[in-house]
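Student: Coordinates only, no sequence provided:
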Ligand SMILES: Nc1ncnc2c1ncn2[C@@H]1O[C@H](COP(=O)(O)O)[C@@H](O)[C@H]1O
Ligand SMILES: Nc1ncnc2c1ncn2[C@@H]1O[C@H](COP(=O)(O)O)[C@@H](O)[C@H]1O
Ligand SMILES: Nc1ncnc2c1ncn2[C@@H]1O[C@H](COP(=O)(O)O)[C@@H](O)[C@H]1O
Ligand SMILES: Nc1ncnc2c1ncn2[C@@H]1O[C@H](COP(=O)(O)O)[C@@H](O)[C@H]1O
Ligand SMILES: [Mg+2]
Ligand SMILES: [Mg+2]
Ligand SMILES: [Mg+2]
Ligand SMILES: [Mg+2]
Ligand SMILES: [Mg+2]
Ligand SMILES: [Mg+2]
Ligand SMILES: [Mg+2]
Ligand SMILES: [Mg+2]
């Protein structure tokens, strides 16, 4: 993998002890470290042993920065509602530690579409746009129709009843009538950011 | 049922002979008659025996008008794409024979949202709005957010793959983040129009 | 949006602190406030800071009334069983704070259909009928066949096994053989009331 | 198996030749023969070789009666719509050749519930009631609530969209709030009649 | 409803207070009372106020017997595994309080089919057989093929993974290649017993 | 791959021309050739050009035998019904050309379990047993409980309604309460035979 | 939209007449035209009126090239089997008319993984990789793990039984353990190419 | 059943008391005992009464070894990730107590396929290979393509969102494009080991 990229730990289903072990081993390699899906209780246990880590409670990520990375290009992260923020921040934290400049545009769901239009010029300046939405996920199609850059869609599990744990916005996004949208798994902020980072960095590096 | 209302035959799964029989019996009662879901082949067979019927190939409806009904109020029928027209015309023909004024606004899907905004004032003048969309059905949420009158949403079976025969726009519409939307079965243009007619006529009659 | 309408907070997935923040900001605007999906524990925490709010434990709603609204027209709320009451009261509280007169007809499921017939004249007097049912949701079709006004159906997640968390009554309601029924998401009492309120108020205002 | 019972062939997926072979072999045993799911084209081919068989086009059954069976007891077969008749007649023909008296009550769906009430006393006289319905299948719950004898429910594949080929009425029937209902597979008129026959004959024989 | 039958309360989703209220009201009518789906904690609370009730922990039922009912006929209750016992006892307790003689044949699943054959003659003596099975539910088809009396099948939610909370045995039972099987909802021991009771009592009464 | 093994073509979705091309190229290598899923029309077209091929209409396979293979060991192929024969013969033809001795035991479904018991000793002599069943697939669990050798289960798409195109027997087989069963895709006779062949030949070769 | 981009018609569900009308109107604008999902019969009808169009039977596309576009960058299109070629060519034709250089690497599914490794260096040279696979879609995860550039995955409807019309590879791709993969709808070769084109052209333009 | 085989208890859904009872009864028969799915809390309670049992916390198994079994042949157990270890150890412990030699190859998922290739020769030496994977389960197809011995695939419930509790890797494995793979239920390590043991022991015994 590309030099300079952080090492990543997927924290779900790992114990605090296991994560401590992996981080300690990684430390040797002098790279930045990102652990996702670490809930606050597990984080507290890890921080006792590894106090140099930074924990971010919203995104549930643990981070060790090897050295300051330059943040290149521009990835816009757009969410429909405030409940999508956890997924959005997993994406944002990931994108930043992978060396991307991130622009956050939160809470611009289509129920009040003027909020989206107010931010449209900012969104259009990004190389890549990550759209994050639960409920019915309609925001993706609207953004996809308004911007000419690649859109990576993340359905979230926010909703109830026939939302089916995020299957509804997932299906919405896969069937979008707008072109230029591709989709990752439900709640997969990390995956969206990883994809967006690849694209944004390829463009930024080509500009150099 | 309300006097003046037409009699309705659901043509799917009925033979030409059965429909001829029902229409002939209904004729006695001197009401208008609407038969839906009559494909062109079945219609041709029926028209040989009952040449006074009018067949509309787009909506696949057969109609006998007892007398001119006054078309009151205003129902807007809004579609995302041209492929939704069959369902839209089933709704339009139904609404008209039930005595409602209908405004058609077709092909204003969110992939090119300016088309919708160009028609917004017209849509907002209706007492009730029927939104018809296949694929991912996102148009419903956008319209629901922009108008303050009741929206009746009709998912269509237009789409492929994970569209699942219209289940995707159905789920989208049920989970909409916009308020004021209620939903009928996939491709059920008749049902949407029947609902809209009830509401539009109650308002129109109250105005009198 | 229409003047006089309350501001609404969807409490699910928001912390007590977040809700306190939003209510405090809204207070400025001197409108009524409705927060839904606030469980009793969260409500207790909020009431400590904002003791002027009224909490209703059945509907799990918090309310601040700016001034007495006149309740116009008539919305009937009909339930199949006593377990559907939580959803029914979410609908009732919503409809009332939006300025509608509400008639409650609870526990009239089709297993003992005489209970429904005993209340039929009362139900028929409403401008709009909300039917709320879990299990198999058959009540909707029966009511839809008996009343000539719009019926808004709310499936509930009451049931077990092949009920699939409310998907069964949802599908029942969408496929009803009775005309005049439209459907909202599982357990969405608020959404049904919002729709019903739009229709009831349009009729009531037209009468003026 | 019980003496006097006919031999049964499930015709779906068997060729005309295979059915001719099986019937010819059975003939030896001098019992009545019932072949279900034989479409008209296959039947024509079979009748050329075995002209003594009776074909019924509605139920798509072929029958050879060994001798007149006495039809005992009473099984009511109740349908929601005319499109359910194919399944109903499969049930009726089966019940009759198994020696049961059958009472047909067709087209009494809940959209116009007075039609059901008009027939209620007739239905209540049966030892067992078979209820056959497609769309949303709500008729089952209403009948189940009104009669005190066993109800066997048959969902049909009549419907469209979210009907899902009969899965919707199947789920409706399994989740009925009325007691005394058990369910067979979609379109399984034969199975319902077989069950009903067992019950009806046990009662009738006990009376002797 | 038939005189002599107990009154039934479905305890799931009702509070101890609500159940106490209903039982107290019912007491007046001097009938037996059966409350199902009452977990041990709720039962303890109820018994403090209503110490005359009998609680059965396996079936999670509360019972008040008005007077000794004669148990007529014979219903066999057959289970595949020991984990199905909770559902089986709900059925058994229900059948007994409705006045039926019950024969329990537990733990005879098809993995060791000799256990079933060892009990076959006992099973065949019943007027009706209730078969209760989770996992893949194959026992139903085997029993259905071996007995000539009506079989009522109850799928249970025992299993994991692709068992889908009991949907797998439910589908198995609905698609059985054996005749004479009808099906109730997952875990619905009460419903199976209610059906079986109707049939068994009709036969028993006819014998008198 | 093992020397002596035939080359395999999956004929579904390939044109006659494509299959002719592949067979012609394979011919060079002087191995046996097996083409599965070749319907009779496609086969006729291929045989015109390549008359040395043998077509078997039941299994829809085309075969070219390089030289006589010795058929070692013993694979039992057991089916529930006659409609499963197409899948069974795909398995049998495949097993034979892969050099296995095959024992066919057809039409022994559990509705008449004595048919299975009559063949049990023959089945038990096989090294591996392939069980093929549609409808509810219960035969698999019964065979799995009676034999001590590996059972490979093949669900078929034979059935209707809630059979869901073979998903029901697939789920049944995956959830079997009998040990020693593993499962392949719906209708995949080839895959079952390939697996069985591996096992049977490993055992046979070890015996040498 | 970007100048120089072709105009696109989605041919599915449009009549030959409708397509002729749209193409004729577009012609005025002097841009290239791409119509997808035009089957050979519809194409023949269109070509009679508009003989200047080029029809490609594999991809089922109709094309009118306004002028030669320069094909920049490099998009690799990788398929698992030959049956995926229709979708692959829809992607390839689309990518080319949008001005991208395309490298085709077909039939390198994981059943014989050496075929993939033989082409790995060629794949790694592309700016973006489109992976197209039916059956179980595992190729995507393998490619995703081996290349460091963005992968756009297209599930196809090639398969049978529990493949569920492409839902299986769709789910596989969404849940991939490899990073850098995003997904479009089943069989959506056009959508994948549109996304890939955006990314490839942004990189190529940045290099200029 | 084969002499020398251990007796097995499926601990899920059994109380500590029930397991103690069964173990005590089995003890008499002087065979080894294996109890699976016993969580640590239940195990602690059992060990108080039956201190001779060995508890393994990873696999959640309780074991009593009657006498040392010779471990014959070779079963390879291959996992995609560390989170699959629980299922893998259930398989390993089962295989060992059934008298098989086990080779563990863990954490070789396809995201970094070099890890798998590094172990390939070791895997190829086994008589049977068990592949255990969650997420999208692609490892199975890759292993199936690389080894010529039977592969038994176990999907695990590791994953989130559209993983659907393991349904995604289950479907992946059933639809594999590689031959020689058969599948057991989600998380069914025991079942896979039981199958593998049958095959491995038949081969080992044949070698003797
Ligand atoms: N939140 C996340 N969702 C999905 N995948 C993730 C996430 N975080 C990390 N990953 C992936 O998990 C890999 C590390 O997995 P592991 O070796 O199990 O810790 C990383 O390389 C990422 O590809
Ligand atoms: N296109 C349609 N979709 C759904 N329901 C319809 C449609 N057209 C008519 N109906 C309903 O079918 C009823 C007539 O059914 P029938 O008596 O079977 O002809 C009408 O009263 C309507 O409620
Ligand atoms: N375990 C059960 N499962 C399903 N239905 C039940 C059960 N127990 C009771 N019932 C039904 O619930 C009805 C009482 O419901 P309720 O009036 O809500 O207490 C009874 O008449 C039965 O029809
Ligand atoms: N009926 C079948 N079902 C599933 N897979 C098959 C079948 N017949 C052949 N195959 C597989 O398809 C492969 C050949 O595929 P192909 O190269 O597309 O012809 C063979 O090696 C088998 O693994
Ligand atoms: Mg766009
Ligand atoms: Mg609105
Ligand atoms: Mg009505
Ligand atoms: Mg009843
Ligand atoms: Mg039987
Ligand atoms: Mg066995
Ligand atoms: Mg990669
Ligand atoms: Mg292999």
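Tutor: Ah, there it is. Model, not experiment: these values are computed from the prediction. Ligands and ions are numbered 1, 2, ... in the order given.
Student: burial of the nearest residue to residue A:101 once chain neighbours are set aside, as a residue count?
Tutor: Leaving aside its chain neighbours, residue A:101 sits nearest to residue A:71 (4.3 Å; criterion: C-beta to C-beta, 6 or more residues apart in numbering or on different chains). The C-beta positions use only the backbone N, C-alpha and C, and glycine is treated the same way. With neighbours defined by other C-beta atoms under 10 Å in any protein chain shown, the count for residue A:71 comes to 17.
Student: Hmm, residue A:71 is touching residue A:99, no?
Tutor: Yes - counting by C-beta atoms under 8 Å, residue A:71 does reach residue A:99; the two are 5.9 Å apart.
Student: if I pick the residue nearest to residue A:101, what's in contact with it?
Tutor: A:96, A:99-102 (C-beta atoms under 8 Å, 6 or more residues apart in numbering or on different chains).
Student: Select from those the one having the most neighbours.
Tutor: residue A:100 (27 neighbours).
Student: Does that one touch residue A:201 like I think?
Tutor: Yes - between residue A:100 and residue A:201 there is a contact under C-beta under 8 Å: 6.9 Å.
Student: what residues are shared contacts of these two?
Tutor: A:72-73.
Student: In terms of helices and strands, where is the residue nearest to residue A:95 when sequence neighbours are not counted?
Tutor: In space, residue A:95 comes closest to residue A:193 once its chain neighbours are excluded; the distance is 4.2 Å by C-beta to C-beta, 6+ apart. For residue A:193, the enclosing helix or strand under DSSP states H and E is helix A:189-207.
Student: wait, does that helix contact ligand 11?
Tutor: No - Helix A:189-207 lies apart from ligand 11 when judged by C-beta under 5 Å from the ion; the minimum separation is 8.0 Å.
Student: who does that helix touch, helix- and strand-wise?
Tutor: Counting contacts by 3 or more C-beta pairs under 8 Å, 6 or more residues apart in numbering or on different chains; DSSP states H and E, helix A:189-207 packs against strand A:72-79, helix A:85-97, strand A:100-105, strand A:128-133, strand A:151-155, strand G:181-183, helix G:189-207.
Student: Go through the last one and flag the buried ones.
Tutor: When you say that, I think you mean helix G:189-207. G:189-204, G:206 (16 or more other C-beta atoms under 10 Å in any protein chain shown).
Student: Just the angle for it relative to strand G:72-79, thanks.
Tutor: 150 degrees (axes from the mean of the first three to the mean of the last three C-alpha atoms, to 10 degrees).
Student: ok so, going back, farthest-apart pair in the contacts of residue A:71, please.
Tutor: A:99 and A:102 (10.6 Å; C-beta to C-beta).
Student: Show me which residues of stretch A:131-147 are buried.
Tutor: A:131-147.
Student: Report the contact partners of the residue most central in space within chain A.
Tutor: Centroid check for chain A by C-alpha atoms, centre = their mean gives residue A:91 as the closest residue, at 1.2 Å. Going by C-beta under 8 Å, 6+ apart, residue A:91 touches A:77, A:130, A:132, A:154, A:189-190, A:192-193, A:196.
Student: re earlier: pLDDT averaged over the helix holding residue A:193, what's the number?
Tutor: Taken as a whole, helix A:189-207 has a mean pLDDT of 96.
Student: What residue in chain A comes nearest to ligand 3?
Tutor: residue A:161 (21.8 Å; C-beta to the nearest ligand atom).
Student: what's the residue lying closest to that residue once chain neighbours are set aside in contact with, if anything?
Tutor: Setting aside the residues directly before and after it, residue A:161 is nearest to residue C:186 in space (C-beta to C-beta, 6+ apart), at 2.9 Å. By C-beta under 8 Å, 6+ apart, the contact list for residue C:186 reads A:160-162, C:154-157, C:165-167, C:169-170.
Student: In TSV: those residues, plus secondary structure, neighbour count and pLDDT.
Tutor: Listed next are the contacts of residue C:186 as TSV, based on DSSP: H, G, I helix; E, B strand; the rest coil; neighbours: other C-beta atoms under 10 Å in any protein chain shown; pLDDT from 0 to 100:
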residue	secondary structure	neighbour count	pLDDT
A:160	coil	20	97
A:161	helix	22	98
A:162	helix	29	98
C:154	strand	35	98
C:155	strand	36	98
C:156	coil	29	98
C:157	coil	19	97
C:165	helix	19	97
C:166	helix	24	98
C:167	helix	20	98
C:169	helix	34	98
C:170	helix	30	98
